[in-house]
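# Provide a 3D model corresponding to the input given below.
(chains A and B)
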Protein chains: 2
Amino acid sequence: MQDKIIEVLKKEIQTDKEQDLTEILKDYRNGSIGIVQLNPIVGNIEHNANKIVKHIKLAQKIGLETIIFPELALTGSPLEDILTRYSFLADECTKWINEIAKITTKTTAFVGFIEFHNNIYYNSVAILKEGKILEVIRKPYIPKYLDSKELTPTKYEQNKNIVQINNKKYGIIIGEICFENEIEFSQKPDIIINFSALCAKIIQECDFKTKLTEVSKKYCAPLIFVNQVGAVDSMSFNGGSCVFDKKGKLLANTKYFEEQFLIVNPEKELGRIYQTEKNINNQKQQEEFSLDYEKDLERTYKTTIQGIKDYFSKTGFKRAVLGLSGGLDSTVCAVLLTDALGKENVLGISMPSKITSDTSKNDAKELAQNLGINFTQVPIKDMYEATNNTLQGLFNTIEQNWDCRYKQSYTPDNIQARSRAVILWGVSNEFDKCLPIATSDKSEAYVGYATINGDMSGGFAPIADITKTKLFALAKWLNKNRTDKNAIPESVINKRPGAELAIDPKTGKPLIAEDALMPYEFLDEIIWRIENKKECYSDMINSEFLYEKKNNISKEQKTQWLDKFYRRMAGALYKKTIFPPAIIVDTKTTYKQPITSSSINYKGHTEEEIQKIIEKI
Amino acid sequence: MQDKIIEVLKKEIQTDKEQDLTEILKDYRNGSIGIVQLNPIVGNIEHNANKIVKHIKLAQKIGLETIIFPELALTGSPLEDILTRYSFLADECTKWINEIAKITTKTTAFVGFIEFHNNIYYNSVAILKEGKILEVIRKPYIPKYLDSKELTPTKYEQNKNIVQINNKKYGIIIGEICFENEIEFSQKPDIIINFSALCAKIIQECDFKTKLTEVSKKYCAPLIFVNQVGAVDSMSFNGGSCVFDKKGKLLANTKYFEEQFLIVNPEKELGRIYQTEKNINNQKQQEEFSLDYEKDLERTYKTTIQGIKDYFSKTGFKRAVLGLSGGLDSTVCAVLLTDALGKENVLGISMPSKITSDTSKNDAKELAQNLGINFTQVPIKDMYEATNNTLQGLFNTIEQNWDCRYKQSYTPDNIQARSRAVILWGVSNEFDKCLPIATSDKSEAYVGYATINGDMSGGFAPIADITKTKLFALAKWLNKNRTDKNAIPESVINKRPGAELAIDPKTGKPLIAEDALMPYEFLDEIIWRIENKKECYSDMINSEFLYEKKNNISKEQKTQWLDKFYRRMAGALYKKTIFPPAIIVDTKTTYKQPITSSSINYKGHTEEEIQKIIEKI
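Reported below is the predicted structural model:
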């Protein structure tokens, strides 16, 4: 019997040491707990219930005392406004909980779900045992759009956060432990469980593990943090479920970014600690901008891979098509897509124009060969010419009435980018479950250095939250750390980026992005200062940039770059609204600004300036 | 002197009866109040301060006792996350308030602004008089992204909402009066002022005027509601500032949708009531879906016109270019753009393909002539052929590796829509301050019956919150109510809509949208039921639709349409992320749903079904 259980466990549980299993199973009768770090699909109750039931049955089979699932396990999180559009969902949840309860045996199951009770939505945890719902612990749940309008939720019900089962008192915390000011239990719990659906960026924001251990120490009780894993659109949940003993010492944890079934026995201090990924949630807030991204690249890689994987699998897409320009952005995208979706599901298309260099064409081809992805080349010459001819004739007609034609325009440049997007969307229309990829990176998205309906266009944007200097580091890291070493051609990493849409009149060669914008090192430091230091224009004028330390640049040059950045950032606001979902990797806080506020004066005024302005009114 | 004042007033204040003016001016020394229904640009302090100072100076010139501006007049609202990115803004506000105070004389000015005080952001009203800041009334302001994290704001400071100036007690309410549970003043105010920046849809949601009059009656004091006007991206602020006497009777109001300077004397019961636009904020919640849109069309028209006007002027755009297909959507868009931007700033381009009928071409041309807008025609034949040839060759190559090519695809249809978008964006690139318009309507946007990077593409979407059946009514209304009668050709209103992208194999004629989807009347009722009744699939199966009452359709037919709607709506989630800003006209609540929740089962399950599913796991 024991052998058979070990076999099942080996197959279905992510653990490999037979020693551990034997030890755990010896003790499972008293105090053993299965922790399910679940990757749900938001709103797809049937899908989530299927996983929950499978895990409960497994827990029963191996005789665990308890099995726990994350907050809102049955619905997934965040629900956004789903409960208002699919108003039956809360009822549906209750039906499923009732039916799941019926299959429970001696193993107690704690399942997070949405409950509509006394006309209020609750973020609840149901406790199921021996065919019944023993108890429901409730925390008011405020659907986003109802926020502060239709509901006046009751306060967090402190007197109901202790549940006794078989002489053991469970202290229940639902939701964001790090933002609760004070956790209060009416009685001393024997064990504390924090049911969570906390996304990675929130965990990173607060000193999360310290908060957890404090609670554990305060009540002198072991604490289990069980969290959701997986990506929901842009949001990344990396899991990080863990167990502390009553002294606040780490007893067990899960792997990050994986749906996992972890078995522990906090009473007997049995558990397993994964040592591998120290840098996932413990990034120290840097004091200074630095190009040394090394320590953060594994997290960046795994966040992006999970983001792509889950976006595709949860929306029903399977294949990705992208333009391969031979440049850094599309190259890194291709590698990440290959690792996330499998090489057979990735199609790279080289779409050269007359400006495209031979190096770029060769780099694209070499990359595709190294990755083993599908690859083809199609020139855009005919499309470009037909479009340009149509447009130039049209422009001449329009010009007769509108005297606002630019003497120099980006139109021909952008025709190339847009023709390429038409090709990618065409492939998406013609082949099943195929989504085009927007390859813009964060540095360029910030300043709108990208073409609407061109390289900004796609169904998903994998690297739009990774700056260019970090992408260079990531490219090198990928060459070193992937099983297939050096898939990215050296010349991609060594050349200076440029869109190859236009010729620089000064050099007669394709325009280099840094010549048109500013050095990426400088640009990325501006972004870093805005996001991490909350600096504004005048702060940055007075700060010393890394680039300034290394290079001798004038005050005028710096001011010019900063002005260019702020002007472009404001001008890019309207472009951003039509940008596809991007995986949040680095952004600490989602930022929203009305597009119609783009005329904001980023420099501010002195008292004297204001006086003078008012005098003139 | 009095004559001169009247002259100034006539020029600068929206009032036309000399009688009124003389009366007001006779009494202005005691208790006269200027109410400025301001249209600010969010974040553009200098712009807003300029307007504020101008109005203060005018009020001084004509000797008003008091002048009041809306909540957050200096910054505009909503600020979204601006305060975190432009962290100097709160300081900047304080500097401006200090300097504005210096120019004040005997006329007391109440100006809403953002204040950073004791490490908390406040939504404050500064009271300025005789060169000084007399007082600041504060309400904690929680920047969106800080919400519940970094700040624990103090409660609304009830003891500080009474201010005494010249023996008169002002009761101050900042913000959303309709959501305040109870307004409490420590002393009886002589007059109550509610400083607001309330958008139209929130005002419509609650029985707003009743709430206001209740407060007025409770304290037996006149009440002034001063509100922001103007559009901020998708949001419409329609103003509706008004004054009630101490018995709660309407004494004065502003015109909707206009920046206006209204002068009243509540003590002497002097004011002016505009009678014109009764239906703007008093729409009764309909009990049943109806095609009788008549009463709501003026509001719809004005909301849209303001939305276009403000989006363009506040972002710095001036001209609009759109494709004129001869269909209803682009036709109505063209009319609205003409009225909002002026005919000289609108360019309609007819871009026929081989499927385009002569009627469509003629209708487009006739419309343009009627409107007097710029018009040209350019066939997309060459672009289409070059693209189709490029794609078909490419597809044959791809097919060798990917065996997932559709037997029938929408690719050729969509090439047409996308070629047109490439033309429009090209025009936008070539001509100064010119923005392409996305012409999709609400019915089609809901079910994704539109082409990504095609007709869904543009910088702004004027009619994306107006359903098709309402658009038909609006078209007829426009023909009747605009100065230029019957600008829209009859045949546009009489023909059945279709994108003219494909031939219907059944008829050999261009595909009719209702044949591909379902009757618009039915489709629009589904949308109405979701948004107004919060009905879900099973509710609708059991409801009787207007279309059912008029036509004999089978249960199967109804189920098929509902299924099609829900499947398409879920599938359209990813399309919506790349849709440009649309003016909110009818949507009661902004709706957000994770794209990765598109596999949601919209039908729900019965207990029996759930049991069977669980048994099989």
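
# can you count the residues close to A:His605?
19 (other C-beta atoms under 10 Å in any protein chain shown). C-beta coordinates here come from the backbone N, C-alpha and C atoms, glycine included.

# Verify the stated contact: it with B:Glu92.
Yes - with contacts counted by C-beta atoms under 8 Å, A:His605 reaches B:Glu92, the gap being 6.6 Å.

# which neighbours do these two share?
The contact sets of A:His605 and B:Glu92 do not overlap (C-beta atoms under 8 Å, 6 or more residues apart in numbering or on different chains).

# Please, which helix or strand holds the residue nearest to A:Gly454 when sequence neighbours are not counted?
Spatially, and ignoring its direct neighbours in sequence, A:Gly454 is nearest to A:Ala417 (2.8 Å; C-beta to C-beta, 6 or more residues apart in numbering or on different chains). Element membership for A:Ala417, per DSSP states H and E: helix A:411-430.

# helix or strand right after that helix?
Heading C-terminal from helix A:411-430 (DSSP H and E), you reach strand A:434-436.

# Can you tell me what sits against that following strand?
So strand A:434-436 is in contact with A:312, A:317-322, A:347, A:421, A:424-425, A:427-428, A:457-460, B:402, B:404, going by C-beta under 8 Å, 6+ apart.

# could you give me the average pLDDT of stretch A:300-316?
Taken as a whole, stretch A:300-316 has a mean pLDDT of 97.

# how is chain A carved up into domains?
Domain assignment for chain A, taken from automatic domain parsing, gives A:2-264, A:294-597.

# what does the stretch 1-150 of chain A put close to chain B?
Residues of the stretch 1-150 of chain A lying close to chain B (C-beta under 8 Å from any C-beta of the partner chain) are A:41-47, A:49-50, A:53-54, A:57, A:76, A:78, A:80-82, A:84-89, A:91-92, A:95-96, A:98-100, A:102-103, A:144-145, A:148-149.

# Select only the buried ones of these in PyMOL?
Of the residues of the stretch 1-150 of chain A next to chain B, the buried ones can be selected in PyMOL as follows, counting by 16 or more other C-beta atoms under 10 Å in any protein chain shown:
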select buried, chain A and resi 41+42+43+44+45+46+47+49+53+57+76+78+80+81+82+84+85+86+87+88+89+92+95+96+98+99+100+103+144+145
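
# Relative to A:Lys106, how far out is the residue lying closest to A:Pro222 once chain neighbours are set aside?
Nearest-residue entry for A:Pro222: A:Pro266, 3.6 Å, with adjacent residues in sequence omitted and distances by C-beta to C-beta, 6+ apart. For A:Pro266, the distance to A:Lys106 equals 19 Å [C-beta to C-beta, to the nearest Å].

# more crowded one of these two?
Ranked by neighbour count (other C-beta under 10 Å), A:Pro266 and A:Lys106 place A:Pro266 first, with 24 against 12.

# Does that one touch A:Val243 like I think?
Yes - taking C-beta under 8 Å as the definition, A:Pro266 is a contact partner of A:Val243 at 5.9 Å.

# Let me know the helix or strand that the nearest residue to A:Tyr170 once chain neighbours are set aside is in.
Distances taken as C-beta to C-beta, 6+ apart put A:Val163 closest to A:Tyr170, at 4.8 Å, once the chain neighbours are dropped. Using DSSP H and E, A:Val163 sits in strand A:162-165.

# list the buried ones in that strand?
Of the residues in strand A:162-165, those buried (16+ other C-beta under 10 Å) are A:Ile162, A:Val163.

# Give me the packing partners of it, helices and strands only.
strand A:120-129, strand A:132-140, strand A:168-174 (3 or more C-beta pairs under 8 Å, 6 or more residues apart in numbering or on different chains; DSSP states H and E).

# Skipping adjacent residues, who's closest to A:Glu267 in space?
A:Gly31 is the one closest to A:Glu267 (C-beta to C-beta, 6+ apart), at 3.9 Å.

# Return the per-residue confidence for that neighbour.
86.

# That one and A:Pro266 touch, don't they?
Yes - counting by C-beta under 8 Å, A:Pro266 is a contact partner of A:Gly31 at 6.8 Å.

# Tell me which stretches of the stretch 451-600 of chain A form helices.
In the stretch 451-600 of chain A, the helices defined using DSSP state H, counting those that start in this stretch lie at A:468-481, A:490-494, A:513-516, A:520-533, A:537-542, A:546-550, A:555-571, A:573-576.
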